[in-house]
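Participant: Any chance you can model this:
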Amino acid sequence: MNVISISGNLCKDIEINYTKNNKMYTENTIGVKNRKKREDGSYCSDFIDIVAFENKAKYLAEYAQKGDYIEVAGKLRVDSWRNEAGEYRERSYVVVDELKITTSKRKDKTDEKEELPF
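Facilitator: Predicted coordinates:
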């Protein structure tokens, strides 16, 4: 079974991209605070890459931004290849199946009050 669940803060704003087959996707990183503390008392963090496709990517683009706390569940994927220099490379990331934006810094446009002219 390949299931992973993580929660943390988005490390950058959402950018929509398209595959060669015109499939919408976004890539981002989630900063996950772990229990390990540094000598100064601050917490260490792990940075986990995520990829969301189609409706999930659109949802993130519309409702999430850098710093928002999100929860994702999905599949861990590991891609490996050799670069032009012949060096072995590897990339691990989570392909998002489910997501929830727990806290958002984005203001809802309907909450903005228009000033009345009188």
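
Participant: hey, what's the most centrally placed residue in the chain bridged with?
Facilitator: Centroid check for the chain by C-alpha atoms, centre = their mean gives Asn28 as the closest residue, at 4.1 Å. Per DSSP bridges, residues listed as beta-bridge partners of Asn28: Ile50.

Participant: can you check Thr103 too?
Facilitator: Bridge pairing for Thr103 - DSSP bridges - gives Tyr69.

Participant: That one is in contact with Tyr69, isn't it?
Facilitator: Yes. Applying C-beta atoms under 8 Å, one finds Thr103 in contact with Tyr69, separated by 4.4 Å. For every residue, glycine as well, the C-beta is placed using N, CA and C.

Participant: Now do the same contact list for the residue nearest to the centre of the chain.
Facilitator: Asn28 sits next to Leu10, Cys11, Lys12, Ile14, Asp49, Ile50, Ala52, Leu60 when contact means C-beta atoms under 8 Å, 6 or more residues apart in numbering.

Participant: And it, how close does it get to Glu98?
Facilitator: 15 Å (C-beta to C-beta, to the nearest Å).

Participant: for Ala52, same thing?
Facilitator: Using C-beta to C-beta, Ala52 is found at 10 Å from Glu98.

Participant: How about Ile50?
Facilitator: 12 Å.

Participant: got any ranges where this protein has weak pLDDT?
Facilitator: In the predicted model, the chain carries pLDDT under 70 at residues 105-118.

Participant: Could you tell me how many residues sit around Asp40?
Facilitator: Other residues lying near Asp40 total 5 when counted by other C-beta atoms under 10 Å.

Participant: Actually, Ile30.
Facilitator: 22.

Participant: what helix or strand is it on?
Facilitator: Assigning secondary structure by DSSP states H and E places Ile30 in strand 24-37.

Participant: Repeat that for Tyr59.
Facilitator: Taking DSSP H and E as the criterion, Tyr59 maps to helix 54-63.
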